[in-house]
Structures are given as structure tokens and as C-alpha cells.
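Engineer: The following block contains a protein sequence and its predicted model.
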Amino acid sequence: MDNRPFIFGTTASGENFTDRVEETSHLLANLTHGINTILISPRRWGKTSLVQKVGKMAQSEKLKVLHLDIFACRNEDEFYQSFASAVLKQTSSKYEEWIDSAKSFLSRLAPTFSFGPDPNADFSMSLNLKPKQENVEDVLMLPESIAKKKGINIVICIDEFQQIAEFSDSKTFQKRLRSVWQLQECVSYCLFGSKKHLMNELFAKSSYPFYKFGDVVNLPKIPTEDWIAYICERFKSTGKCVSKEIAERICKAVDNNSSYVQQLAWLLWTHTTKVADEEGFALSCQEIIDHNSFLFEKQTENLTANQMNFLLAIADGVHNGFSSQAVIEKYHFGSSANINIIKQSLFKKELIDVEGKDIVLADPVMSLWLKTIK
């Protein structure tokens, strides 16, 4: 529905896309000049929306921007299948070209095709992948081969790239990708994902194959003043009004998390006839907690008492100094020796994150929820 004033749960585009002027300019320069880019940020900060927006801006007759989400890929073979299918589909508009490209550049893998009612929009491809078969490099070279044949450049944007860290013998797979991709002249890559700690591990550790593969961009939060202007304008465009003060409180309540700002603003909009008020804001805050409470219950049901107390401490505003005697006693941590163990465990569970020198909850709405169960 194009008439929704606020968008969440899907990618934002057009007038629903907020700010990101500097990031848009940076990413556009990288994509149009063939710079490999790694985009890192926590969940729901708008990475996919940004990449899709800039991809459309960069697209031209001489530059094709392809998009691939590998969240569902559980192993190397599934990655190769998805990668090859995406490259074939998005570099040609006719299925005859897909088949021709597959036969020309993937002949050693004996590709077979099956088509739906509309062959130009619906097809699947099977590759004859065998264990330890080195011909899979043909798949990784597919975009380069097509780019040279067509006389174009290609950018491949891969969402949920951290998924490759879960593959069996992941480092060997990463080495294979890096060894092929780094030599390509007509193809560049934009790699991003929703698990910040895994993305950092893949690209920031010198012992990993993708270390220094490209320009690492850490996506910041959208500033409060930009959100305020956006929220007020979106209310106004539908004949409703919200004060700057309440718009600011929306941002503060969800710590400027892009998806949650949109969701909370939407809930407030539904509770507003003409002018947003305190009652509507309170109802909206409770609703966003209620909508997510089942998820939070599942995420915390197996936590130890110490781990839950650590989360409660963060919700209370404690972001550092956890080893101080006052904090240890108040939240019953037992001893300072437990703190690092608790932190590492919660970090691996992706329930907490690090912002500068502070420990924060990865999900800001969980903070609101925790305050209701104390």
C-alpha cells in the first residue's frame, strides 16, 4: 500500500526513505567506481533499504546492480545455486539468454533448467555440483564472464552475508570466494548482514580471508532531528498533527532504531484522529511491547538468573562499571569474575551490543519490555 505514512517490516523506498544523505553519497560512489563495500550495523537500521535505493541510483546501461539474499542458504552448494541463479536472472531479460549463458560459462557443471508458467519470470536451475569439485569456480566467475561478454560492469549486493560463517569448513569456503572475487576486473561486491558481531569477525580479523577485502562502512543511527522532521511531515501529509516533543519521545523510546521508529510512529498515527496526544503515545508504547513480548520471552526463557539480571541492569540505565561493588550487590552478580562470562554469553546470543565504551541492549524495545516484568 503506497498510502501508508510509515513503513516497517519491509524495505523503505521513495518518500518513506529517511535521510542517509552522506551514506547514500558514499555508497553510490563506491558502487559506481567498482569499490568492494562491507556495510555493517545492527538489525533494523535500514541497510537493505539503503542498498536497494543506491542500487537503483547506480543502475545504468553500462552498470548492472544485482541483489541476492542468502539467509536461506545452509551450505556451499545452496550458495552456488542461489548465486548462479541470481546472476543469470538479473543480467538478462529473456530465458533464452539465461540458458545460453549457463551453457557457455557453466558447461562443466551440466546445468539443467525447469520453468514455470512464465519462463521469463520463473525458473530454477540445478548444477551438477560434486564434493571437492574445483569447477565451482566457474560459478564464482559467472558474473565476470557475463560482464566481459556484454561489455558492462556488475555490482553484486549480497544480504545476510554473515550466513557463510555457519557453513561447514567455512574458512576454506571464504578463501575460495576471496581468491576468485579479488581478481575480477568487471565485478565488485557490496556485502552486508544483520548479525553485526559475525560481520565484524569476517571482515575485521586479520586471520580471516575477507580481511581488508573492501571499504568497511559502519552505518550510524539516523539523527533524532532528522527523524523528528520526517515524523512531523508524514503526519502532516495525512491531515494529522504530532508535536516535535512527542516525535522526539518516539525516537528516544526506541533509541532511534529505524524500524521501530517507523512502527511506533505508525501505532501513534493509528491512535490519532487529529492531534497526537499523551494517551495515544502511551497506548502505542504498550502496543509495541505487546507485539514483541512473545519474541522476548522466547529469547530469555533459558537465561540464567545472572544473565537476566545483567539485562535488567542495562534496562535500568547501567551501561558500564558492571564490576563495581555497588552494581554487583544491587543486581546479585556474586563476584566481578562473573561479569565477563555473562557479557560474552549474552553477546553471543546477540542480546547485547557495544556502542563505544557502553554495553547496550541489541533490541531497544526489549528494554521497555524488561521494565514491565521487574
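Structural biologist: Perfect, thanks for sending it.

Engineer: residues contacting the spatially most central residue of the chain?
Structural biologist: What sits nearest the mean C-alpha location of the chain, by Cα atoms, centre = their mean, is Ser194, with 3.7 Å. Under the criterion of Cβ atoms under 8 Å, 6 or more residues apart in numbering, the contact list for Ser194 reads Pro42, Arg43, Arg44, Lys47, Glu160, Gln162. C-beta here means a position set from N, CA and C on the backbone, and glycine is covered the same way.

Engineer: need the next SSE after the least confident helix or strand in the chain by mean pLDDT, C-terminal direction.
Structural biologist: Here the helix or strand of the chain ranked lowest by mean pLDDT, DSSP states H and E is strand 123-126, holding a mean of 74. Proceeding C-terminally, strand 123-126 gives way to helix 137-150 as the next helix or strand, assigned by DSSP states H and E.

Engineer: What are the contacting residues of the longest helix along the chain?
Structural biologist: The residue-count maximum for a helix in the chain (DSSP state H) belongs to helix 278-300. With Cβ under 8 Å, 6+ apart as the contact definition, helix 278-300 has outside contacts at 246, 249-250, 253-254, 260, 263-264, 267-268, 271-272, 308, 311, 349, 351, 363, 365-366, 368-370, 372.

Engineer: Double-check that Asn338 belongs to a helix.
Structural biologist: Yes - the assignment for Asn338 (DSSP: H, G, I helix; E, B strand; the rest coil) places it in a helix.

Engineer: Contact partners for it?
Structural biologist: For Asn338, the contacting residues are Asn306, taking Cβ under 8 Å, 6+ apart as the criterion.

Engineer: Local confidence estimate at it?
Structural biologist: Predicted confidence (pLDDT) at Asn338: the value is 89.

Engineer: coming back round to it: of the contacts of helix 278-300, keep whichever come out buried.
Structural biologist: Using 16 or more other Cβ atoms under 10 Å as the burial test, these include 246, 249-250, 253-254, 260, 263-264, 267-268, 271-272, 308, 311, 351, 363, 365-366, 368-370 as buried.

Engineer: Could you say which helix or strand holds the closest residue in space to Ile352 that isn't next to it in sequence?
Structural biologist: Nearest residue to Ile352 in three dimensions, chain neighbours excluded: Leu346, at 4.6 Å (Cβ to Cβ, 6 or more residues apart in numbering). When elements are assigned from DSSP H and E, Leu346 belongs to helix 337-348.

Engineer: Quick check: what element follows that helix along the chain?
Structural biologist: Stepping forward along the backbone from helix 337-348, the first helix or strand reached (DSSP H and E) is strand 352-355.

Engineer: for that following strand, packing partners?
Structural biologist: Where contact means 3 or more Cβ pairs under 8 Å, 6 or more residues apart in numbering; DSSP states H and E, strand 352-355 is packed against helix 305-315, helix 337-348, strand 358-361.

Engineer: Show me how the protein divides into domains.
Structural biologist: Under the assignment automatic domain parsing, the domains of the chain span 20-218, 224-298, 302-373.

Engineer: comparing those domains, which gets the lowest mean pLDDT score?
Structural biologist: Per-stretch averages of pLDDT across those put domain 20-218 at the bottom, with a mean of 89.

Engineer: can you give me the offset of that one from its chain's centre?
Structural biologist: Distance of domain 20-218 from its chain centroid, counting by Cα atoms, centre = their mean, to the nearest Å, is 15 Å.

Engineer: can you give me the end-to-end distance of it?
Structural biologist: Start and end residues of domain 20-218 are separated by 13 Å (Cα to Cα, to the nearest Å).

Engineer: thinking again about what came up before, out of the buried ones among the contacts of helix 278-300, list just those in strands.
Structural biologist: With DSSP state E as the criterion, strands contain none of these.

Engineer: so of those, which ones are in helices?
Structural biologist: Secondary structure of the buried ones among the contacts of helix 278-300 is defined by DSSP H; positions in helices are 246, 249-250, 253, 260, 263-264, 267-268, 308, 311, 365-366, 368-370.

Engineer: Roughly how far does the nearest residue in space to Lys150 that is not next to it in sequence sit from Tyr189?
Structural biologist: Closest residue to Lys150 in three dimensions, ignoring its sequence neighbours and counting by Cβ to Cβ, 6+ apart: Thr91, at 7.3 Å. When distances are taken as Cβ to Cβ, to the nearest Å, Thr91 and Tyr189 turn out to be 15 Å apart.

Engineer: Okay then, goodbye and thanks.
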